[in-house]
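S.K.: Task: produce atomic coordinates for the following.
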Amino acid sequence: MLPGTRYLLLACLLGLLAVRVAVAGEVRLVVDTQAATLTVLEGDQVVQTFENIAIGRFGTTRYKKMGDNRTPLGTYRIGWITRNSRYHRFMGFDYPDVKTASRALFDGTIDFSLWERVSRDAAAGKTPSQKTPLGGYLGIHGLGEGDIEVHRQFNWTNGCVALTNAQIDQLAEWVEVGTEVEIR
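M.R.: Take a look at the predicted model:
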């Protein structure tokens with residue numbers, strides 16, 4: 001068996017066997033890319049739904065690569081929050097995660113050392129490297145000084161989920177580092 005193959009198989013199995021169980025009081029976010037909404041849930045109760053969100057200019061993908069301008073589908077966690085960014089507020093994802101890195105290792109997009117680094121960061125509860133062939137610096141953000149009319153009419157991001165500045169300020173009331181975000 002090649003070095004690390006055993007760990008890759010284990011990581012893939014764990015990713016496939018993960019089951020989502022709602023915990024009362026736990027806040028999580030669900031991004032519906034077809035309906036262009038972001039819903040805040042507390043347990044299984046809808047707290048708020050934000051409409052007219054924007055995603056990557058070329059839609060969504062299960063196999064994101066750097067520079068493809070697509071929003072990755074999957075479940076992530078908020079890894080960091082920047083309160084004053086060029087996009088007003090930025091809530092970064094823990095992307096790439098182990099499941100994404102495992103798939104990329106399997107198809108040859110990344111090498112074993114990068115997979116190992118992502119896995120080690122995930123095990124330590126750290127945000128993985130944001131400079132990878134899989135992309136990085138993905139999250140939920142506002143418009144900053146951007147044009148609200150462009151936002152209303154087009155998917156315009158490089159792969160993030162965008163809301164208006166007012167919406168991201170409201171969302172910030174519920175989001176903290178560790179909040180789960182499901183993009184579907």
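S.K.: C-alpha from now on. contacts and neighbour counts both.
M.R.: OK.
S.K.: All the strands of the protein, in order from the start?
M.R.: 27-32, 37-42, 45-51, 60-61, 71-72, 74-85, 88-93, 139-141, 161-162, 180-183 (DSSP state E).
S.K.: list the buried ones in stretch 167-175?
M.R.: Going by neighbour count (16 or more other Cα atoms under 10 Å), the buried part of stretch 167-175 is 167-169, 171, 174-175.
S.K.: OK, contacts around Y76?
M.R.: 93-95, 97, 180-182 (Cα atoms under 8 Å, 6 or more residues apart in numbering).
S.K.: run the last query once more with 6 Å
M.R.: Going by Cα atoms under 6 Å, 6 or more residues apart in numbering, Y76 touches 180-181.
S.K.: re the thing from before, turn the strands of the chain into TSV, including distance to I110 and mean pLDDT.
M.R.: Formatted as TSV, the strands of the chain follow (distance: least, Cα to Cα, whole Å; pLDDT from 0 to 100):
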stretch	distance to I110	mean pLDDT
strand 27-32	27	98
strand 37-42	31	98
strand 45-51	35	97
strand 60-61	17	96
strand 71-72	17	97
strand 74-85	19	94
strand 88-93	19	97
strand 139-141	22	98
strand 161-162	25	98
strand 180-183	23	98
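S.K.: now for those strands, which one comes closest to R120?
M.R.: Distance to R120, taken as Cα to Cα, is lowest for strand 74-85 among the strands of the chain, at 14.9 Å.
S.K.: Parallel or antiparallel, list what pairs with that closest one.
M.R.: strand 88-93 (antiparallel), strand 180-183 (antiparallel) (DSSP bridges).
S.K.: so which of the buried residues of stretch 167-175 comes closest to I148?
M.R.: For the buried residues of stretch 167-175, the nearest to I148 is Q167 (12.1 Å; Cα to Cα).
S.K.: Any figure for the gap between that closest one and D94?
M.R.: With distances taken as Cα to Cα, to the nearest Å, Q167 is found 22 Å from D94.
S.K.: Chain neighbours aside, what residue packs nearest to S119?
M.R.: Spatial nearest neighbour of S119, excluding adjacent residues (Cα to Cα, 6 or more residues apart in numbering): V98 at 5.6 Å.
S.K.: Kindly report the same for T71.
M.R.: Once flanking residues are discounted, T71 sits nearest to G159: 4.0 Å by Cα to Cα, 6+ apart.
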